[in-house]
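**Q** Predicted model, plus sequence, below.
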Amino acid sequence: MKLLKPSWVNHNGKPIFSVDIHPDGTKFATGGQGEDSGKVVIWNMAPVLREEDEKNENIPKLLCQMDNHLACVNCVRWSNNGLYLASGGDDKLVMVWKRAAFIGPSTVFGSSSKLANVEQWRCVMILRNHTGDVMDVAWSPHDVWLASCSVDNTIAIWNARKFPEIVMTLKGHTGLVKGLTWDPVGKYIASQADDHSLKVWRTMDWQLETNITKPFSECGGTTHVLRLSWSPDGQYLVSAHAMNNSGPTAQIIERDGWKTNMDFVGHRKAVTVVKFNPKIFKKKQKNGSTPKPSCPYCCCAVGSKDRSLSVWLTSLKRPLVVIHDLFDKSIMDITWTLNGLGLLVCSMDGTVAFLDFSQDELGDPLNEEEKNAIHQNIYGKSLAITMGSQLSSTIIENPEMLKYQQEQQRNQNPNGAQASGPENQTPKLTNVLNGESLEDIRKNLLKKQVETRTADGRRRITPLCIAQLDTGDFSPALFNSVPILPGSSASTQLIPQISSDSSTANSLGLRPSHDPTSTSPNKTAEDNKDSGTAAVNSIGMKSNLLLTSASKIEPMKALDSRFTERSKATPGVTSVPLTIGITPLDRVKDSSSVKEPKGKDETSSDSEDKIVVKSMTKRKGEMEGAEVVEKRKKGRPRKDAKIMPISQPFPQTPVSLDKEPSRLTTPVALLKLPTPSIQKSFSTQVSTDGVTYLEVENEVSVVSGSRLSQLKWSREGREWDTLLPSRIIIATGSSDVVAVACEDRTLSVFTACGRRLIPSIMLPAPMSALHCSGHFVMALTASATLSVWDVQKQTALVKNESLNPILSGTDATVSQSFLTRQGVAVVSLSNGKTYCFNSSLETWNLIADKQDSLVQCADFRNCVSSQDALGSMGPLALTQGRNLSAGRLASRLSSMPHHLQQGMTLAFLEKQLASALILLSASEYRHWLLIYARFLVNEGYELRLRELCQDLLGPVHKSSSSSWETTVLGLRKRDLLTEVLPVIGQNLRFQRLFTEYQDQLELLRLK
């Protein structure tokens, strides 16, 4: 054994209360007292391990120093996957730190330049709940939970995947709680307090399992900490500060019956800290001797107020080593390296000591397989493959399941992070954010300061709510490449956390391409626009739920009627790069200062929400053509006429050609849709594979009494033009075709090279809206009839279908319409409902409803995995605003009983699945199918799961009478089943179902 006291590890003579080595062994953290605040320091491990690295000046010793804690730091702990560091201090706060990439070294303010931070660690979350000093923090085995204990006599259990959500506050101690440890099996958490008791709590229901007081009844005096520890095999729990025959001991508590028959004796003063080695050992075989079967054993280090350290093996009756007077003051914390051979100890005297053992001294550490075999024998399952939610109850019944689970573990753990199942997706996930750190986002928001002028010409700065950006609250709004908007309900809910197993999957849809460097400009513009809409919709839902009389106020009417009138980026006709130089936040100026007074019953946060909503919808309106601008002009001053001249019916900037001004939402006669006015000339832009411009000039010349109009098409230097004998009302196009509607009710269709495809189609009424996507053309006439043609095959998919079924009985009108890539017509109404016409059923189907309570109350956040994000884009997401609240509202309405929310979520997911099917959107169908499957697995709906699997598997034997289709939307059903089965395999409750369908799939593959 070697002993080293690296003098360079210090807090300038102040006490060090806690130390923890990073799981990868490259660094360690210390926490303690700083100059006038708490201090957390991250140090390099290499100079401790190797003397040559210590002497090499090019190898940094101090990696990062964080002084954010307002008072002394009592505990620092790395998460098991090494991504996060949690620290707790006398300022009653728990801070969660994460490394920020892409930022160079920086110096600590006020220090000499030598103390540059080599790594940047940012506080991404501050957890506030305790009313007294936080004494200890501990991550659960799979980083599912983070526990913290305090002198307020409570233990807080935080949901580490949805910070800052609190799962439970454990109350029961009557003294200061000073130590925590998780059972490695995940079934219990133990706490020790100054009330002379050690309590073990169940994680299944967070109730007290046992209360142990006997070994502590004689204890007098207190220690600063009571760091207890659980053995890596889960069999023993060792406490700090116990007494036996008036001598200080570390009490050994057996898991079996919580018996207290053994203890570690010998320290002269109270034991402050106990720490088990993470490895299980077996005796080292001497060379040449035949291996004897030996019992595996554990190793434990004990530190005391008597300034000495002892190391014990459970196979020996006496300690392996005792080091007296290692420090000048009490030992405060102990941490082992993950390989089990190194040990760091810190003391209140402000120094640390490193002990380096050899395998000859401790024994041979068991490898993961052997460790798993021990767990398998004791608990009937391997710890590496069980999930937080099922740890307590299940036993693997068959070899297929075990094999599958172990394969999963191997696939998931290439980088050595200790997590199970899909938990390890986080490194990918979280790095996406590193490109733009929280601070940068915050600064960008501050740059976009919004200035307004009052009627008498004075300047006003509109306050922006920056939410809790510095603490890392993230939401999908951020990942759609637009800043989180002030006050939006989205901005305070989710944080990408350790992404997860089946029970708590990460709910963030992250697109890898959103590293700012890799995004194409067109893409960004489109996403910006959509995400802007997303924010509007989520807030819109919130205000609909929370408003009472305020909804009667006039500005809110404008808001409601404009909800669905957002940019209509369709896959075939994608939207315009925004050429008007306005950022999404710049529009707040109009709405915040000019709006009429709001109802008194709105809360301040609500009114913030509404300001954003109005500004966003307003911005959308301006993008959609000036008729809308005209409509909203009444009764309120316009200040931005200079940006967008109202006198022109069409702005000169290229506007997405879907945005013809057909969305006038003034009430009109029943089934009479508005038609665009005729202009002398206009141009529109079609974003297909290349940017395409369509320019129209009406009445270029008059020949023998007929007025000729010219259509000009140009893309990347190629262009063509054609003449038509009547004035052109609407022109639109896709990558394959161009469609033009004229005043004389004719519709002409040309190829992308200008060749006429079919003779002019006579329409039953003037054109209201016209869309193209691929080879499909959709026409919506003023008499409220819909037609869709496939001009390549020259067939009609929808023939003069009336909108009567969806318009009758409402005073709504069409606010938006578009055509999907698959030729499905989608029509949104001003009442927030969106329908599509299904040509095979010949029915109108409701696919989205802004007022639908299912959308607002469904909570499926824990069923969305980080890989799902890409599948969630398509026509369904477009109609629903891409920002499904995913239960963010429901989590606020906490009074809703679980079974009711469960039922609403189930109904909502089934509706989404059916809507994706009817929209023929394959990627969205697969996306919602996997979320639906995860939800069924999490909530235990066995019958529905079986039905789903049966439909995907189909008949095993071919028969002529079978009507089963092998594919759905071009996806092979059995391929989908192979994706669904691993989801089922994550819940051991359904292992029989898993095995049954896995076997049948194998049989079918072999055929």
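**A** Cool, got the structure.

**Q** Name the nearest residue to residue 168, sequence neighbours excluded.
**A** residue 206 (4.3 Å; Cβ to Cβ, 6 or more residues apart in numbering). Placement of C-beta: from N, CA and C, glycine included.

**Q** I'd say that neighbour and residue 171 touch.
**A** No. Counting by Cβ atoms under 8 Å, residue 206 stays clear of residue 171, with 10.3 Å between them.

**Q** the more surrounded of those two?
**A** With neighbours defined as other Cβ atoms under 10 Å, residue 206 and residue 171 compare such that residue 206 has more, 14 against 11.

**Q** Check the secondary structure at the more buried one for me.
**A** Of the three states, residue 206 takes coil according to DSSP: H, G, I helix; E, B strand; the rest coil.

**Q** Show the average pLDDT along stretch 205-218.
**A** Averaged over stretch 205-218, pLDDT sits at 87.

**Q** mind showing which ranges of the stretch 551-700 of the chain have poor pLDDT?
**A** Along the stretch 551-700 of the chain, segments meeting pLDDT under 70 span 551-671, 687-689.

**Q** try 50 this time
**A** Where the stretch 551-700 of the chain drops to pLDDT under 50, the residues are 551-670.

**Q** Could you do the stretch 1-150 of the chain as well?
**A** Applying pLDDT under 50 to the stretch 1-150 of the chain picks out residues 110-114.

**Q** go with 90
**A** Within the stretch 1-150 of the chain, the segments meeting pLDDT under 90 span 1-15, 23-26, 33-39, 45-71, 80-83, 91-93, 97-125, 128-129, 132, 141-144.

**Q** Repeat that for the stretch 701-850 of the chain.
**A** Using pLDDT under 90, the stretch 701-850 of the chain drops low at 701-708, 713-719, 734-736, 752-753, 807-813, 821-822, 831-832, 839-841, 847-850.

**Q** again with the stretch 251-400 of the chain
**A** 251, 254-270, 278-297, 305-307, 313-320, 324-329, 338-341, 348-350, 357-400.

**Q** What segments of it are helices?
**A** Remark: helices assigned in the stretch 251-400 of the chain by DSSP state H, counting those that start in this stretch are 359-362, 368-379, 399-412.

**Q** Could you pull out the buried residues of the longest one?
**A** Burial within helix 399-412, assessed by neighbour count using 16 or more other Cβ atoms under 10 Å, is assigned to 400-402, 404-405, 408-409, 412.

**Q** and if you look at the first one?
**A** By neighbour count, and taking 16+ other Cβ under 10 Å as the criterion, the buried residues in helix 359-362 are residue 362.

**Q** Now do that helix: which elements does it pack against?
**A** If you count contacts as 3 or more Cβ pairs under 8 Å, 6 or more residues apart in numbering; DSSP states H and E, helix 359-362 packs onto no helix or strand.

**Q** could I have it exported to PDB, CA atoms only?
**A** C-alpha atoms of helix 359-362 as PDB (Å, rounded to 0.1, in the frame of the first residue of the first chain):
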ATOM      1  CA  GLN A 359      -4.500  -6.600  -5.800                       C
ATOM      2  CA  ASP A 360      -2.200  -8.700  -3.500                       C
ATOM      3  CA  GLU A 361      -3.500  -6.800  -0.500                       C
ATOM      4  CA  LEU A 362      -7.200  -6.600  -1.400                       C
END
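
**Q** Just the residues contacting that helix, thanks.
**A** Defining contact as Cβ atoms under 8 Å, 6 or more residues apart in numbering, one finds that helix 359-362 is touched by 1, 277, 281, 284, 299, 313, 320-321, 340-341, 365.

**Q** repeat that for 7 Å
**A** 1, 281, 284, 299, 320, 340-341 (Cβ atoms under 7 Å, 6 or more residues apart in numbering).

**Q** returning to that earlier point: the buried residues of helix 399-412 into a markdown table, with extra columns for distance to residue 59?
**A** Formatted as a markdown table, the buried residues of helix 399-412 follow (distance: Cβ to Cβ, whole Å):
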| residue | distance to residue 59 |
| --- | --- |
| 400 | 49 |
| 401 | 47 |
| 402 | 45 |
| 404 | 44 |
| 405 | 41 |
| 408 | 38 |
| 409 | 35 |
| 412 | 33 |
